[in-house]
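Visitor: what would the 3D arrangement of this be:
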Amino acid sequence: MIMKRVCFLMTVYCFMCVMTVSAQSSSLTSGELKFRKGIETFLKEEGYFPTIDAEDNSVNFKKEGYRYWISVRGTSPTYVEIHRAGFGLDDTNRMHLLEACNKATFETRCAKSYVGQSSVGFTVEVYCQSVEEFRHIFYRSMSALDSVRDKTKEYYNELDK
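Guide: Model prediction:
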């Protein structure tokens, strides 16, 4: 009898988990889905192999071994975040790292370097009216992400001597 109850509860729990994942994957509006699909198509045309992260609905891809992801929210205009994977915070001096992130962000302007709980991240945030507009800023944004990352590391190494 106890085993039947445990099996029943496990079945209900699994069903709820599936429903939660299903609800998360459909949390984008039709306009956001259309914009994300346009970005995915553009990345394929450019030779990348994008995938969709079901957890946060972002478009993920790799460039030269580094992981990038793009999130979209809203429409008219669409808010777009382009992220580059950062690096972990082992035994770093957090104050020096915050200062390095601040200086790199100030100099790069359109890209941000920030300190999270366990890593440093990099992002460019823009509003785009269309996927065509996104296509025009994509490579410049990627360059800015690389630049803010390099500057953050450079400034941190100078401060942490």
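Visitor: in this structure, which spans are strands?
Guide: Here the chain has its strands, by DSSP state E, at 51-52, 59-63, 66-73, 78-88, 111-115, 119-128.
Visitor: out of those, flag the one nearest E154.
Guide: Closest to E154 of the strands of the chain is strand 111-115 (Cβ to Cβ; 11.3 Å). Glycine gets a C-beta too; all of them are placed from N, C-alpha and C.
Visitor: tell me the helices and strands packed up against that closest one.
Guide: Judged by 3 or more Cβ pairs under 8 Å, 6 or more residues apart in numbering; DSSP states H and E, the packing partners of strand 111-115 are helix 94-108, strand 119-128, helix 131-159.
Visitor: redo these as CSV? Include mean neighbour count and distance to K34.
Guide: Written out in CSV, the entries for these read as follows (neighbours: other Cβ atoms under 10 Å; distance: least, Cβ to Cβ, whole Å):
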stretch, mean neighbour count, distance to K34
helix 94-108, 17, 31
strand 119-128, 18, 13
helix 131-159, 17, 8
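Visitor: in a markdown table: the strands of the chain, plus distance to F134.
Guide: Converted to a markdown table, the strands of the chain look like this (distance: least, Cβ to Cβ, whole Å):
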| stretch | distance to F134 |
| --- | --- |
| strand 51-52 | 17 |
| strand 59-63 | 11 |
| strand 66-73 | 9 |
| strand 78-88 | 6 |
| strand 111-115 | 16 |
| strand 119-128 | 5 |
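Visitor: most packed of those strands?
Guide: The highest average neighbour count among those, using mean count of other Cβ atoms under 10 Å, belongs to strand 111-115 at a mean of 21.
Visitor: thanks again, I'm all set now.
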